[in-house]
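Novice: Fold the following and give me the result.
(one chain, ligands or ions: 1)
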Amino acid sequence: MRKIVPGIAIAIAFAVGPPEGGHQATLRAQAQPDRLIFIHAGALLDRPGQAARGPSTVVVRNNQIDSIREGYVTPAPGARLIDLKKEFVLPGLIDAHVHVFSDDDKMRARLEVINRDVEDNLLIGVDNVRRTLEAGFTTVRDLGSDVHSVTALRDAILSGLVPGPTIVAAGAGISGPGGHADSSNNTNRDTAAVRRTQATNLCSGADDCRRAVRDQISQGADVIKFTATGGVNSNVAGGLGQQLFDDEMKAIVDTAHLFGRKVAAHAHGEDGIAAALRAGVDSIEHGTFTSAATNAQFKQNGAWLVPTMVAPHAALAQARAGARSKLTLAKAEEAVVAHGENIARAIRDGVKIAFGTDSGVSDHGKNAKEFALLVKAGMRPPAAIRAATIDAATLLDRASRIGSLEAGKDADIIAVTGSPLDDVTVLERMRFVMRQGVVHLIDGARQPFPAN
Ligand SMILES: [Zn+2]
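Specialist: Predicted structure coming up:
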């Protein structure tokens, strides 16, 4: 498989014509005519943050947007026409915080997790990413998964082998032993011994943390995640405060930046948020106990906040139902109250917000439920949509390819009925999904894959 997949990846990448082109791409292009699709959009939000357009035509050539034209343009001979005259068309959504292999069937998962192999989780992930894509999320950032599984799935999607969103992968989150991302926490001694031996993501001391970052990068990580504080769902007693020392966080951030990787810090407690911001992280995930002081720090550093507002509600409901460790309940109750208020203040204070859900804690494919919570916390609908398009693309360093619909960008296009600028909940009912020129959903119905 390792030998075959890269070959297929190269063939397909050239078949759809990457932006860099090249000699082989030219040869291939001569052999196969361009695939043209004309989309008639009733309304078009091509650049979130600006006004929506009226009736428009989006011309898609292979995997990219060729042009955007006013009114309904008659398709060129041989081109496919997709009629979205009754729909509102916008760029594919981006979720900056998911865990693609985490099973959202919580009760079953709690019972079965110890019996599962990595292969079981991989196949669960294949289903999760398809649901995510069909919910209109054409790009996700996975912030904590087995690095081999997530890079394999990422590459299979890029190759067109399985349907799913573009994945920006962190691999396993870096953590101190006993910290939020230590999978040996509170397991029996045999399990703990094996997990400790296999873990490459645990580190103590600045040098060891540099090593842990390099390990994830060497195995294919696009971005680095670390856990600055305790977590609601980690299987240890204790609070949500800082869990790595300042010099360890600095070592993680500097090593990642040295390799051109952005850094996301899981952080709940104010001390950990402040320390991660001092260390120079690019984004804070969750941000439960932000304050006026940390909000000023965010703005000074240009760091992003990824609120994941659906997550604490989901974790609390699961803990109350007995589907989480007993150690979770107190932490979830504490977090859920503070989170709503503090995210609202961060929005008022003008902290940059990028959309993320922590799906895997909440249900895959219901990512769009986050929009209503962001609006409830004080974001205007156009800003909430920006957070899930242009702004998330900027955080992911991909704004030149995704986040808006412009000539030369990826043809990641979705549509809903009704205007999400008036009511963001229409985004929970996806009608049309195209990713890199391939149609996955029309009239809310799954399309054959691979496309004919
Ligand atoms: Zn997470």
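
Novice: got any ranges where the stretch 101-250 of the chain has weak pLDDT?
Specialist: Within the stretch 101-250 of the chain, the stretches falling below the threshold (pLDDT under 70) are 104-113, 234-238.

Novice: so where do the strands sit in it?
Specialist: When secondary structure is read from DSSP state E, counting those that start in this stretch, the stretch 101-250 of the chain shows strands at 137-142, 166-169, 224-227.

Novice: okay if I get those as a markdown table plus distance to residue 37 and mean neighbour count?
Specialist: Quick note: C-beta positions are derived from backbone N, CA and C, even for glycine. Shown next, in a markdown table, are the strands of the stretch 101-250 of the chain (distance: least, CB to CB, whole Å; neighbours: other CB atoms under 10 Å):
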| stretch | distance to residue 37 | mean neighbour count |
| --- | --- | --- |
| strand 137-142 | 16 | 30 |
| strand 166-169 | 19 | 24 |
| strand 224-227 | 36 | 30 |
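
Novice: export these to JSON lines and tack on distance to residue 383?
Specialist: As requested, the strands of the stretch 101-250 of the chain are arranged in JSON lines below (distance: least, CB to CB, whole Å):
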{"stretch": "strand 137-142", "distance to residue 383": "18"}
{"stretch": "strand 166-169", "distance to residue 383": "22"}
{"stretch": "strand 224-227", "distance to residue 383": "25"}
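
Novice: Any idea which of those strands gets closest to residue 98?
Specialist: Evaluated over the strands of the stretch 101-250 of the chain, closeness to residue 98 peaks at strand 137-142, with 4.7 Å, by CB to CB.

Novice: So which elements touch the longest helix seen in the chain?
Specialist: Taking residue count as the measure and DSSP state H as the definition, the longest helix of the chain comes out as helix 326-348. Applying 3 or more CB pairs under 8 Å, 6 or more residues apart in numbering; DSSP states H and E, we find helix 326-348 packed against helix 292-301, helix 310-320.

Novice: Please point out which parts of the shortest one sit buried.
Specialist: By that I understand helix 292-301. In terms of neighbour count (16 or more other CB atoms under 10 Å), helix 292-301 has its buried residues at 294, 295, 297, 298, 301.

Novice: Can I get it in PDB? Just the C-alpha atoms.
Specialist: What follows is helix 292-301 as a C-alpha-only set of coordinates in PDB (Å, rounded to 0.1, in the frame of the first residue of the first chain):
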ATOM      1  CA  ALA A 292      -9.400  40.900  29.600                       C
ATOM      2  CA  ALA A 293      -5.700  40.400  30.100                       C
ATOM      3  CA  THR A 294      -5.300  37.400  27.800                       C
ATOM      4  CA  ASN A 295      -7.600  39.000  25.200                       C
ATOM      5  CA  ALA A 296      -5.100  41.900  25.100                       C
ATOM      6  CA  GLN A 297      -2.300  39.400  24.700                       C
ATOM      7  CA  PHE A 298      -4.100  37.700  21.700                       C
ATOM      8  CA  LYS A 299      -4.400  41.000  19.900                       C
ATOM      9  CA  GLN A 300      -0.800  42.000  20.600                       C
ATOM     10  CA  ASN A 301       0.400  38.600  19.200                       C
END
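
Novice: For residue 432, give me phi and psi.
Specialist: Backbone dihedrals for residue 432, given as degrees, to the nearest 10, come out at phi -140, psi 130.

Novice: distance of it from residue 293?
Specialist: Taking CB to CB, to the nearest Å as the measure, residue 432 and residue 293 are separated by 44 Å.

Novice: Of all the strand elements in the protein, which one is longest?
Specialist: For the chain, the strand that runs over the most residues, judged by DSSP state E, is strand 80-91.

Novice: what about the closest residue to residue 249 other than its chain neighbours, distance to residue 77?
Specialist: Excluding the flanking residues, the one nearest residue 249 by CB to CB, 6 or more residues apart in numbering is residue 279, at 3.8 Å. Using CB to CB, residue 279 is found at 58 Å from residue 77.

Novice: Please say which of those two ends up with more neighbours.
Specialist: The residue with the greater number of neighbours, taking residue 279 and residue 77 and applying other CB atoms under 10 Å, is residue 279; the counts read 22 against 6.

Novice: Surely the more buried one touches residue 245?
Specialist: No: counting by CB atoms under 8 Å, residue 279 sits too far from residue 245 to count as a contact (10.2 Å).

Novice: Would you mind confirming that residue 336 is in contact with residue 312?
Specialist: Yes: using CB under 8 Å as the test, residue 336 is close enough to residue 312 to be in contact (4.3 Å).

Novice: More neighbours: the two, which one.
Specialist: Set side by side, residue 336 and residue 312 give different neighbour counts by other CB under 10 Å, the larger being at residue 312 (27 against 19).

Novice: wait, what's in contact with the more buried one?
Specialist: Taking CB atoms under 8 Å, 6 or more residues apart in numbering as the contact definition, residue 312 lies against 232, 286, 288, 332, 335, 336, 339.

Novice: so which of the helices and strands packed on helix 326-348 comes closest to residue 54?
Specialist: The closest approach between residue 54 and any of those, judged by CB to CB, belongs to helix 310-320 at 33.1 Å.

Novice: how far off helix 326-348 does the closest one point, in degrees?
Specialist: Here helix 310-320 runs at an angle of 160 degrees relative to helix 326-348 (axes from the mean of the first three to the mean of the last three CA atoms, to 10 degrees).

Novice: Quick one: neighbours of the residue lying closest to residue 378 once chain neighbours are set aside, just the number.
Specialist: Residue nearest to residue 378 in three dimensions, not counting chain neighbours: residue 347, with 4.5 Å by CB to CB, 6+ apart. One way to gauge burial is a neighbour count; for residue 347, by other CB under 10 Å, it gives 21.

Novice: Tell me the pLDDT of the closest residue in space to residue 412 that isn't next to it in sequence.
Specialist: In space, not counting the residues next to it along the chain, residue 412 is nearest to residue 92; the distance is 3.3 Å by CB to CB, 6+ apart. Residue 92 is assigned a predicted lDDT (pLDDT) of 98.
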